[in-house]
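Peer 1: below is the structure, and that's it, no one-letter string:
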C-alpha cells in the first residue's frame, strides 16, 4: 500500500490526534444533557462559598462523539471518568464515585472517593466485566458522583458494547516515515496511528524485519498510536518499516502497513 506524503496537512492532523490522545477530556467532556463542555468554575454573584453539584464525564469513546467501549463477552474493560469540583470560593470537598451496571456485570472501583479544591478536577477509574454469556448489544453503565455535605450529585451514562464476531482488521494511517522518505540526523521517531471498527489491542513495529517495540492500546479512545525513537547512526542505506495492528479478535484480523525509507 502506497501512501503519498502531504507534509503540511499530515503534520496538522497528527498534531490534532496527538492532542486528543494526551488529553482524554478533549474526547468526551459532556454536560448534564450530553453536550460537550470544558471544566469551568461557575460564576458567583457575591463573595463567600457557593457550593454546586459536581461535574462528571466518562472519557471512553468508541467513535467521534460516541461514548462507551467495545468488549467481548467476559472481557474486563477500564473506564476513565473525570470528576469536577464546580464549587466557587469554597474549601476542599470530598466526592464519592460509583458505577451501576446491568445484572450479571461485575464492577470494580479501586478509588471510590476523591477530595478536590474548588475549580479542580481528577480522573478516576472503574473496571467493568461483562458476563461470558452476554449477547451482542449496548449495555448502559451509569456513573454517579456525589458531593459530601450537601449530597448534590451528577450522573452520566456510558456503554459497554458487547460484540461476538469481528472480521475487519484494524486500519493503519499517518505513518512516520512516509513512503520513500529520506531520513537524516542522529535519530528518528517512528510513529503510526491505528483504529478499528471495534477496538485496537496493540501495534507492533518491525524495522528490516526485526521486531522493535509494541504499543498496548488503552480503553479510552478508538484511536491508538505507536511511537519509537530509532538511532540512525551507522544505518545509511535503504530500509523498510512494517507496522502491524491487532484487534481483540486476533489473527487473521491484522492490519499491516509497510513503508520504504532511506537513511542518508
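Peer 2: Cool, got the structure. Model, not experiment: these values are computed from the prediction. Numbers count the residues shown, from 1 in each chain.

Peer 1: from here on, just use CA atoms for contacts and neighbour counts.
Peer 2: Will do.

Peer 1: in the sheet, who's paired with the residue nearest to residue 183 when sequence neighbours are not counted?
Peer 2: Excluding the flanking residues, the one nearest residue 183 by Cα to Cα, 6 or more residues apart in numbering is residue 263, at 4.7 Å. Taking DSSP bridges, one finds residue 183, residue 237 as the beta-bridge partners of residue 263.

Peer 1: again with residue 124
Peer 2: Going by DSSP bridges, residue 124 is paired in beta bridges with residue 81.

Peer 1: residue 228 too?
Peer 2: The partner residues for residue 228, given DSSP bridges, come to residue 190.

Peer 1: wait, it touches residue 189, no?
Peer 2: Yes: in this structure, residue 228 is within contact of residue 189 by Cα atoms under 8 Å, at 5.4 Å.

Peer 1: quick one: low-confidence parts of the stretch 1-150 of the chain?
Peer 2: Applying pLDDT under 70 to the stretch 1-150 of the chain flags the ranges 1-47.

Peer 1: mind listing the helices for it?
Peer 2: Using DSSP state H, counting those that start in this stretch, the helices assigned to the stretch 1-150 of the chain run over residues 7-22.

Peer 1: ok, residue 72 - contacts?
Peer 2: Neighbour list for residue 72: 130, 162-164 [criterion: Cα atoms under 8 Å, 6 or more residues apart in numbering].

Peer 1: just give me the closest of the residues you listed to residue 51.
Peer 2: Set against residue 51, the nearest of the contacts of residue 72 by Cα to Cα is residue 130 (36.9 Å).

Peer 1: I'd say the closest one and residue 108 touch.
Peer 2: No: at 11.9 Å, residue 130 and residue 108 do not qualify as touching, with contact defined as Cα under 8 Å.

Peer 1: and those two? Which one has more around it.
Peer 2: Using other Cα atoms under 10 Å as the criterion, residue 130 and residue 108 rank with residue 130 on top: 25 against 15.

Peer 1: domain ranges for the protein, per the record?
Peer 2: 7-16+166-263, 31-37+49-162 (automatic domain parsing).

Peer 1: ends of stretch 223-243, how far apart?
Peer 2: 15 Å (Cα to Cα, to the nearest Å).

Peer 1: what's that stretch in contact with?
Peer 2: Contacts of stretch 223-243 (Cα under 8 Å, 6+ apart): 21, 172, 184-196, 200, 202-209, 213-215, 217-218, 256-264.

Peer 1: in that stretch, what counts as buried?
Peer 2: Applying a neighbour-count criterion of 16 or more other Cα atoms under 10 Å, one finds 223-227, 240-243 buried in stretch 223-243.

Peer 1: can you lay out those as TSV showing secondary structure?
Peer 2: Formatted as TSV, the buried residues of stretch 223-243 follow (DSSP: H, G, I helix; E, B strand; the rest coil):
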residue	secondary structure
223	strand
224	strand
225	strand
226	strand
227	strand
240	strand
241	strand
242	strand
243	strand
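
Peer 1: contact partners for residue 48?
Peer 2: Per Cα under 8 Å, 6+ apart, neighbours of residue 48: 89-90.

Peer 1: separation between it and residue 92?
Peer 2: To residue 92, residue 48 is 14 Å away according to Cα to Cα.

Peer 1: and for the residue nearest to residue 221 when sequence neighbours are not counted, the neighbour number?
Peer 2: Leaving aside its chain neighbours, residue 221 sits nearest to residue 61 (5.1 Å; criterion: Cα to Cα, 6+ apart). Neighbours of residue 61 under the rule other Cα under 10 Å: 23.

Peer 1: 856 is where my numbering starts, stick with that
Peer 2: New numbering, starting at 856: the last item is residue 916.

Peer 1: partner residues bridging residue 916?
Peer 2: Note on residue 916: beta-bridge partners by DSSP bridges are residue 922.

Peer 1: got it, and residue 1114?
Peer 2: Following DSSP bridges, residue 1114 is listed with bridge partners residue 1096.
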